[in-house]
Structures are given as structure tokens and as C-alpha cells.
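**Q** have a look at this fold, sequence not included:
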């Protein structure tokens, strides 16, 4: 008689026992809570590393933005049968010539007009003192002098602390030169072989994540390129608008408006930091007009600044940028505030581009559009 093996019983499903004392909503909230804490901790570690290695991170980010700006020029020259190395050299040299030319114009005008502006500032302060003392608030000259001395002492203490911090970190000139050289080297390599660098980065990832990362990264890069080029155009329009308004206002006064070119350059640079940059550069223009011509011309200059900024915010940004890099204004404000808190001016400068890139990256991964559009264009991102 053959012995038969008893049939194997199918494994019984294990019942998941929940604590009935904990409501279901609380269990779900707890599950989300520890995941959120883990993500927040990982983000905090990443931000800490970025701040610690900012001497390397900042030049790389600057090189990325410049690559997004100059890459269409390089590709156009390559399509015209230029050698890629020569196209990269022409694009970088052209950028350096433009930046050097603007710097030379600003410095030359400041050197020529600063003595007269300084003298006018001293006269303006004397007139302001007389006006303050004449107010019916019981403020005399001694009180005003004490307040000014306290303010000057506070400013000197702040400046000394800033200088001591800078000296403790080493030579600021040396850091600037090292960052500039690193930016230049990174820009050369990203323009010459950026696609190869991106393929290497994707190849390091696990095989299952490569396709999604590649598609989302290309979409984010298209968005970043659109943002940089549009932001340069908008900043140029802002600089021309405010600079031209200041120049026309100066035609009504003897000697004309001082420092028109430096004001326009400051407005151009400040426009890359949304909200904060426009306020600061506009305030400088209004202050120069007040010192040079008086209160009511300063009010007119303030109106010019506000008009240009309103045209930018309600006409230029929606019309030119469209929906390609659309980020909600609240997200822009929060990003700039968080970036400035974490990394100062550099954080405020890079906050919006990083948010725009991550917005497109995450949306592409979550929607699955990377499966159908592996090589997106600007039109694909807009659609």
C-alpha cells in the first residue's frame, strides 16, 4: 500500500488586528505623520548640506542658469555648422563682454557724478534737519543729533560684525575668485557636454527610476530655460522703463538725473529676485531723486517705479511667460522668504528657479506624461 502525503493546506490569511481604542482617522493621520516627519528630516539634511557646501553649490547653480540662457545660442551656432567648442567660446566671451561693459559704464558714471551727489546729500540732510526741528513735536537739535549718533553707532556695530564674520570665513576676494572660476569651468563643460553629463547622472540611478527621472528632468530643464530667458527679458524691460523714466524726470531739472545707468543696472539685477529686488532697487531710485530734486519729484519717481512694476506683474509676466513656468504668487513669496532665511541673498535669488524646476519635475512624474513625451519642448510643457 502506498502511503499518500496529506494535502498541504493553503495558508490562512493573517488578520490585521487594529487597536479598536484608536479611531481609524487617527491611525491614518499617524501613518501620514511619520512619513511627513521622515520627508521633512531628509529635506532638512539636504538643505544643511547645501548651506555647508555653498561655495561649490552656488557656482554650480549659477552655471546651470547661465547654461539655460546660453544653450539656445550655442545650439543655433552648431546648427549653422560651427564647431561646438568655438560656439561655446563665442557664447561665453560674448556674455563676459556684455557684463564687463555694463560694469564699466556703471563705475565710470558713479566716479563722475558721486562728488556732486555727495554734496547734494549733505545739503539735503541740513534741510531735513531744519524741517524736523520746525515740526510741533518738541524735537530740538540736540535730540536729533543724539538720535543720529545712536543710529550711526548701530550701523558701525553691524558693519563691524559683518566684516568680522567675513574675515573669519577667509578672504572674500579669494572666495569670489574661486567661485567665479568654478562657475566658468562648470559653464564650459555644461555647454559643451551637458547632455552627456545628464545621461551619466541618470545612469547612476536604479534602472526602474531612469525613464521617469529622464523625462521629468528634461521637462524641468525646458521650464528652467523658459524661466531664465523670460526673466532676462522682463528684467531688461524693467530696467529700461525705470531708467528711462528717471532720465525724463531729470530733464526738468538743471544738471539732469544722476546715476541713471547704475540705477538701470541695479533694477535689472534686482528683478531676478521677485518682490524683494523690485522694492529695494525702486527705493534706491526714489531716494536718489529725493536727495537730488526734493520730495515731490521723489513722489513722481515712486509713481514711475510702481507703474513699471504693475505693468510687469499684470501684463508682461502673464503675456510673455504664459503657463510654461506658472507658479502661484503665494508660492513665489514663500519661496523667496524661505530662500532668504536659509541662504540670504543667494537663497532669494535661486528660490524661484528651483521651485519652477521642482514644480515641473514633480508634476511630470505624478502625471506619467514622461511615458508619452520623453523629449518635451516648450509647447509640450505649456500644453
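**A** Perfect, thanks for sending it. Worth saying up front: this structure is predicted, and the values here are computed from it rather than measured. Numbers count the residues shown, from 1 in each chain.
**Q** buried ones in stretch 293-312?
**A** 293, 297-298, 301-302, 304-305, 308-309, 312 (16 or more other Cβ atoms under 10 Å). Every C-beta, even on glycine, is put in place using the N, C-alpha and C of the backbone.
**Q** quick one: which of these is nearest to residue 200?
**A** residue 312 (39.1 Å; Cβ to Cβ).
**Q** let me see the contact set for residue 196.
**A** By Cβ atoms under 8 Å, 6 or more residues apart in numbering, no residues touch residue 196.
**Q** quick one: the helices in the stretch 201-350 of the chain, in order.
**A** 207-250, 260-270, 276-293, 295-311, 329-367 (DSSP state H, counting those that start in this stretch).
**Q** can you list the ones you listed in a markdown table and add mean pLDDT and distance to residue 82?
**A** Shown next, in a markdown table, are those (pLDDT from 0 to 100; distance: least, Cβ to Cβ, whole Å):
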| stretch | mean pLDDT | distance to residue 82 |
| --- | --- | --- |
| helix 207-250 | 86 | 20 |
| helix 260-270 | 85 | 29 |
| helix 276-293 | 81 | 36 |
| helix 295-311 | 86 | 38 |
| helix 329-367 | 81 | 28 |
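**Q** return the most buried member of those.
**A** The highest average neighbour count among the helices of the stretch 201-350 of the chain, using mean count of other Cβ atoms under 10 Å, belongs to helix 260-270 at a mean of 22.
**Q** neighbouring contacts of it?
**A** In contact with helix 260-270 (Cβ under 8 Å, 6+ apart) are residues 102, 105-106, 109-110, 235-236, 238-240, 242-243, 246-247, 250, 277-278, 280-282, 284-285, 288.
**Q** and with 7 Å instead?
**A** Contacts to helix 260-270, defined as Cβ atoms under 7 Å, 6 or more residues apart in numbering, come from residues 102, 105-106, 109-110, 235-236, 238-239, 242-243, 246-247, 277-278, 280-281, 284-285, 288.
**Q** now that helix, how far from the chain's geometric center?
**A** Averaging C-alpha positions (Cα atoms, centre = their mean, to the nearest Å) puts helix 260-270 16 Å from its chain's average.
**Q** let's have the buried residues of stretch 293-312 in JSON lines, adding distance to residue 95.
**A** Output for the buried residues of stretch 293-312, formatted as JSON lines (distance: Cβ to Cβ, whole Å):
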{"residue": "293", "distance to residue 95": "36"}
{"residue": "297", "distance to residue 95": "36"}
{"residue": "298", "distance to residue 95": "35"}
{"residue": "301", "distance to residue 95": "31"}
{"residue": "302", "distance to residue 95": "34"}
{"residue": "304", "distance to residue 95": "30"}
{"residue": "305", "distance to residue 95": "28"}
{"residue": "308", "distance to residue 95": "26"}
{"residue": "309", "distance to residue 95": "27"}
{"residue": "312", "distance to residue 95": "24"}
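**Q** I'd like to know which of the helices of the stretch 201-350 of the chain is closest to residue 91.
**A** Closest among those, once you apply Cβ to Cβ, is helix 207-250, at 13.7 Å.
**Q** residue 114 versus residue 249, what's the distance?
**A** The gap separating residue 249 from residue 114 is 20 Å, by Cβ to Cβ, to the nearest Å.
**Q** and what of residue 234?
**A** Distance from residue 234 to residue 114, by Cβ to Cβ: 30 Å.
**Q** on that earlier part again, and which of the buried residues of stretch 293-312 is nearest residue 61?
**A** residue 312 (24.1 Å).
**Q** so the closest one touches residue 234, yeah?
**A** Yes: taking contacts as Cβ atoms under 7 Å, residue 312 lies within contact range of residue 234: 5.9 Å.
**Q** per-residue confidence at residue 319?
**A** Here the pLDDT value assigned to residue 319 is 60.
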